[in-house]
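sequence? don't have it. structure:
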């Protein structure tokens, strides 16, 4: 699974990483969001089961994060990233093969694993390559793949739903769309990084204190909670409003469209204000975007919340992972994975809680208010980061 590094150019590595995110995050993880309404309508999947499937997907993600935090061998990290690319296609297609809940659970779990390979191993490989090339160690350009992946999943589902009405055909069509991104993502994978020299790794300064890591982990847990509620239920929340029926795909597309340019804005703000101040702003704005659809069932509130969510979650992820990656230059992907464990834990817990609340009350408003409270707590925790350790 080695990559011919001599034939690769910088733009190819960057584009390959972006397309890897489209495949492993946009499709393997996020195709579920715009396909959820038709899945529920045609198969009878209820809210609690939908939330459980989302939690299983995020359990797969946190399992992948655990593996990424444990594996030191850069060759294995590259192999697993490569495996995640083709497995992403299989997990999307596999959802169409059965209506058996355990089978769906398996595919969603594997889809979560694939998401971790793209998000953590892929980002670590790209960031490491940037630093070895003497380029600015930021992940804004790389993480444009998340926004693009959301747009692809939204527009892809919208397009295939006009051709195939059956839910299973739509899943297979999305897998076929994934092949378009798989080919360049596979051909332009980031090169296998050189193995770190033991002495240099030992001599590298420790830039991550225990207090810094625990504070970031706590705030990132809150970010994960806010992320997953909108990532899982945005389309369902919009479609539940009688006046907004049919607008779910538009809301989900706006999430991705807002995320794509936002990555550059957050990098610019972080350079001017510092990472922590930029993160605090992103937390505050995302909390407001969660509250909007809870306050009003109007189209403006739904679309405003979607745009706010897309523009802020990508900033939180990009700034946090780049910050911790820069503090662990010997193996940035491993440091990212360790921090992501808290993010992933929230993604397992939150969908189950939100799905149960929606099942019991018939509305997502209570879950949205709870999410806003969790986000506010994470923002307060982030504000306690020691001044001397802020980015």
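Yep, it's here. Owing to the predicted nature of the structure, the values given are computational and were not obtained by experimental measurement.

Quick check: buried residues in stretch 275-288?
Buried residues in stretch 275-288, counted by 16 or more other CB atoms under 10 Å: 275-283, 286-288. Quick note: C-beta positions are derived from backbone N, CA and C, even for glycine.

hang on, I meant stretch 255-269
Of all the residues in stretch 255-269, those buried under the rule 16+ other CB under 10 Å are 255-260, 262-263, 266-267, 269.

Please apply the same query to stretch 76-83.
By 16+ other CB under 10 Å, the buried positions in stretch 76-83 come out as 77-82.

Name the nearest of those relative to residue 109.
Closest approach between these and residue 109, by CB to CB: residue 80, at 15.7 Å.

Which secondary structure element is home to that closest one?
If you go by DSSP states H and E, residue 80 is part of helix 74-94.

residue contacts, the residue nearest to residue 218 when sequence neighbours are not counted?
Distances taken as CB to CB, 6 or more residues apart in numbering place residue 381 nearest to residue 218, at 4.8 Å, with adjacent residues excluded. Shown in contact with residue 381 (CB atoms under 8 Å, 6 or more residues apart in numbering): 215, 218-219, 222.

Output those in TSV, with distance to residue 22 and neighbour count appended to each entry.
Output for the contacts of residue 381, formatted as TSV (distance: CB to CB, whole Å; neighbours: other CB atoms under 10 Å):
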residue	distance to residue 22	neighbour count
215	32	18
218	30	17
219	27	28
222	27	27
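
could you dump the residues you listed to a markdown table with secondary structure?
What follows is those, written out as a markdown table (DSSP: H, G, I helix; E, B strand; the rest coil):
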| residue | secondary structure |
| --- | --- |
| 215 | helix |
| 218 | helix |
| 219 | helix |
| 222 | helix |
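
Using CSV, lay out the residues you listed together with distance to residue 373.
Converted to CSV, the contacts of residue 381 look like this (distance: CB to CB, whole Å):
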residue, distance to residue 373
215, 19
218, 15
219, 14
222, 9
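
if we can go back for a sec, arrange the buried residues of stretch 76-83 in CSV, one row each, with distance to residue 210 and pLDDT as further columns.
What follows is these, written out as CSV (distance: CB to CB, whole Å; pLDDT from 0 to 100):
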residue, distance to residue 210, pLDDT
77, 25, 84
78, 30, 87
79, 32, 90
80, 28, 92
81, 29, 92
82, 34, 92
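
Quickly check those residues for the two that are furthest apart.
Every pair of those checked by CB to CB; the farthest is 77 and 82, at 9.8 Å.

For the closest residue to residue 143 other than its chain neighbours, grab the count of nearby residues.
Ranked by CB to CB, 6+ apart and with sequence neighbours excluded, the top spatial neighbour of residue 143 is residue 318, at 4.6 Å. Applying other CB atoms under 10 Å, we find 28 residues neighbouring residue 318.

Please identify the helix or strand for residue 318.
Residue 318 belongs to helix 299-326 when assigned by DSSP H and E.

just the angle between the helix or strand following that helix and helix 299-326, please?
The helix or strand immediately downstream of helix 299-326 is helix 332-361, counting by DSSP H and E. Here helix 332-361 runs at an angle of 150 degrees relative to helix 299-326 (axes from the mean of the first three to the mean of the last three CA atoms, to 10 degrees).

tell me which strands and helices helix 332-361 is in contact with?
Secondary-structure packing of helix 332-361 (3 or more CB pairs under 8 Å, 6 or more residues apart in numbering; DSSP states H and E): helix 47-70, helix 101-116, helix 123-132, helix 210-240, helix 299-326, helix 365-382.

at 7 Å instead, please
For helix 332-361, the elements it packs on are helix 47-70, helix 123-132, helix 210-240, helix 299-326, helix 365-382, judged by 3 or more CB pairs under 7 Å, 6 or more residues apart in numbering; DSSP states H and E.

Adding distance to residue 12 and mean pLDDT, write those out as JSON lines.
Putting these into JSON lines (distance: least, CB to CB, whole Å; pLDDT from 0 to 100) gives the following:
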{"stretch": "helix 47-70", "distance to residue 12": "24", "mean pLDDT": "85"}
{"stretch": "helix 123-132", "distance to residue 12": "11", "mean pLDDT": "76"}
{"stretch": "helix 210-240", "distance to residue 12": "29", "mean pLDDT": "82"}
{"stretch": "helix 299-326", "distance to residue 12": "21", "mean pLDDT": "84"}
{"stretch": "helix 365-382", "distance to residue 12": "36", "mean pLDDT": "91"}
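
can you count the residues close to residue 45?
18.

Now do the closest residue to it other than its chain neighbours against residue 171, distance only.
Leaving aside its sequence neighbours, residue 45 sits nearest to residue 39 (CB to CB, 6+ apart; 5.5 Å). For residue 39, the distance to residue 171 (CB to CB, to the nearest Å) stands at 9 Å.

Same drill for those two, tell me which one is more crowded.
A direct count of neighbours by other CB under 10 Å for residue 39 and residue 171 places residue 171 higher, at 24 against 20.

tell me the contacts of the more buried one?
Applying CB atoms under 7 Å, 6 or more residues apart in numbering to residue 171 gives the contacts 35, 92-93, 95-96.

rerun at 10 Å
Taking CB atoms under 10 Å, 6 or more residues apart in numbering, we find residue 171 in contact with 31-32, 35, 38-39, 92-97, 107, 157, 160, 164.

Residue 158 versus that one, what's the distance?
Between residue 171 and residue 158 the distance is 14 Å, computed by CB to CB.
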